[in-house]
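Student: no FASTA, just this:
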């Protein structure tokens, strides 16, 4: 499956970059107009077999945001720019990672890559997730698609992420990877595209109050 998955990634990431080029230009202009800072945000992440690489994202926060707060981000983070909030809402900020996929650093579907600081906290079982190429999306990302809102409810968002959310996400991904194939990957991609749209159409006032229960019952 490894080579067929790689061919799948190359083909669709190349097509995606071509089709999304007009959107990329518009987003780049909007980011520049807002504060004149860099269009892209590149951050070192840990990938396949522990190899370090730099992830591509549209910048959604003020320049040098990591020096002005924690690495983790909540929905009401004051470091997020106006255009950044819009990009995050529709996950547009993640689209430049198609560049990482084309280069081979990432796959379309795979465990989301973490920063080294968090990877150092993995136990032996959790480290197995590093045996797989990281991806733009995965089942855990779908389940925790409102993660920033969930973290905003906590007094210590980073501690909650490390102790509660991160272990669940790793377990979900390891369980998925045991049975993953191109078809299941395709289903994850389709859900990643359409589930947020359905969410926006079906917003309920009690969403935030029920988030924890929903996540822990998955």
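Tutor: Sure thing, it's come through. Remember, it's a predicted structure, so these values are computed and weren't measured experimentally.
Student: what pLDDT, on average, does the longest helix seen in the chain get?
Tutor: Identified as the longest helix of the chain according to DSSP state H is helix 2-35. Helix 2-35 shows a mean pLDDT of 96 in the predicted model.
Student: Give me the pLDDT for residue 121.
Tutor: 97.
Student: For it, give me its contacts.
Tutor: Taking C-beta atoms under 8 Å, 6 or more residues apart in numbering as the criterion, residue 121 is in contact with 162, 166. For glycine as for every other residue, the C-beta is placed from the backbone atoms N, C-alpha and C.
Student: That one should be in a strand, yeah?
Tutor: No. When DSSP: H, G, I helix; E, B strand; the rest coil is applied, residue 121 is found to be coil, with no strand at that position.
Student: packing partners for the longest helix of the chain?
Tutor: Under the contact criterion of 3 or more C-beta pairs under 8 Å, 6 or more residues apart in numbering; DSSP states H and E, helix 2-35 touches strand 52-58, helix 82-89, helix 98-103, strand 107-109, helix 182-201.
Student: can you give me phi and psi for residue 45?
Tutor: phi -130, psi 170 (degrees, to the nearest 10).
Student: nearest residue to it other than its sequence neighbours?
Tutor: Once flanking residues are discounted, residue 45 sits nearest to residue 113: 3.8 Å by C-beta to C-beta, 6 or more residues apart in numbering.
Student: Could you report the separation of the one you found from residue 123?
Tutor: 18 Å (C-beta to C-beta, to the nearest Å).
Student: Also residue 91?
Tutor: With C-beta to C-beta as the criterion, residue 91 and residue 123 are 30 Å apart.
Student: In terms of neighbours, single out the busier of the two.
Tutor: Higher neighbour count among residue 91 and residue 123: residue 91, with 15 against 9, using other C-beta atoms under 10 Å.
Student: hang on, that one packs against residue 195?
Tutor: No. Residue 91 sits out of contact with residue 195 when judged by C-beta atoms under 8 Å, with a separation of 10.5 Å.
Student: right, so the helices and strands packed on helix 2-35: which one is the most enclosed?
Tutor: Mean neighbour count (mean count of other C-beta atoms under 10 Å) peaks for strand 107-109 among the helices and strands packed on helix 2-35, with a mean of 25.
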